[in-house]
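# Below is the structure, and that's it, no one-letter string:
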């Protein structure tokens, strides 16, 4: 009996350690973490950490690149609705996020579509003393709720957009907006080419966003900025619009360069296209 109890306890300990490793690796910025980083962060022996990572790699949950950095595999992310292009998007958007937060001194986000939600996959904090940190990396919102999320929805294909809006009707109980307000904001955004949402999600804060398109024209992500409302009005609003357009152009240029170098870019369903 004691042997069985000990075996079960050891199994649960192993599961707990595996989850801890996965959480740490999954939350790390690109390009990932090395074995030593993971071992030290979790206070695990390097041998135990190496065995755990090897098991996770064999299961297809974690992968290691040529620089011996570990990251969560695209296949595993896809099983939770995260687009397969997320890693490439992060890489392409990193300089643009830095530019946005440096130029505006406020927080900048990268979001991707994930089913009926938008998913924040990267965040760059600015230097202004008050930051609008209403969205964390890994945070989800219904499509249309928030500047980046609305940009994903507003510029979705014509045949899908209306259905996506309607499917949010029973999902907005925790938010300060209705389906009708989202539909109206979509029309405004499509007319001006970007989103501008003062007080839409959090009172006293404004978000602005712009879609990102891959070389085939498919919207695969959105850049957005957020700040207290006073900082995104008047001339600063104009500055933010210009910065968002510049940032989107920067990312899409990197998209094209990446596609040219690799011979293709992943389509929106995750498959490589020639």
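Cool, got the structure. Computed from a predicted structure; not experimentally measured.

# Show me the shaky parts of the stretch 151-274 of the chain.
258-274 (pLDDT under 70).

# which stretches of it form helices?
Assigned by DSSP state H, counting those that start in this stretch, the stretch 151-274 of the chain shows helices spanning 158-166, 179-192, 234-262.

# For residue 128, find the nearest of these.
helix 234-262 (11.0 Å; Cβ to Cβ). C-beta here means a position set from N, CA and C on the backbone, and glycine is covered the same way.

# residues contacting residue 28?
residue 71 (Cβ atoms under 8 Å, 6 or more residues apart in numbering).

# what's the burial count for residue 97?
Look at residue 97: counted by other Cβ atoms under 10 Å, it has 23 neighbours.

# And residue 183, by the same measure?
Other residues lying near residue 183 total 17 when counted by other Cβ under 10 Å.

# Does it touch residue 165 like I think?
Yes: Residue 183 is within contact range of residue 165, at 5.3 Å (criterion: Cβ atoms under 8 Å).

# For the closest residue to residue 212 other than its chain neighbours, give its distance to residue 158.
Nearest-residue entry for residue 212: residue 221, 4.2 Å, with adjacent residues in sequence omitted and distances by Cβ to Cβ, 6 or more residues apart in numbering. Taking Cβ to Cβ, to the nearest Å as the measure, residue 221 and residue 158 are separated by 19 Å.

# Distance check, the residue nearest to residue 212 against residue 99.
For residue 221, the distance to residue 99 equals 16 Å [Cβ to Cβ].

# More neighbours: which of the two?
Of the pair residue 221 and residue 99, residue 221 is the one with more neighbours under other Cβ under 10 Å, namely 29 against 16.

# Residue 105 versus residue 146, what's the distance?
Distance from residue 146 to residue 105, by Cβ to Cβ: 20 Å.

# Look at those two and report which has more neighbours.
Using other Cβ under 10 Å as the criterion, residue 146 and residue 105 rank with residue 146 on top: 31 against 16.

# Would you confirm that that one contacts residue 224?
Yes: contact status for residue 146 versus residue 224: in contact at 7.2 Å, counting by Cβ under 8 Å.

# list the residues that contact both of the two?
Counting by Cβ under 8 Å, 6+ apart, the residues touching both residue 146 and residue 224 are 111, 207, 209.

# Same list, these, but as a markdown table with neighbour count and distance to residue 73 please.
A markdown table is the format used below for the shared contacts of residue 146 and residue 224 (neighbours: other Cβ atoms under 10 Å; distance: Cβ to Cβ, whole Å):
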| residue | neighbour count | distance to residue 73 |
| --- | --- | --- |
| 111 | 31 | 21 |
| 207 | 29 | 31 |
| 209 | 29 | 29 |
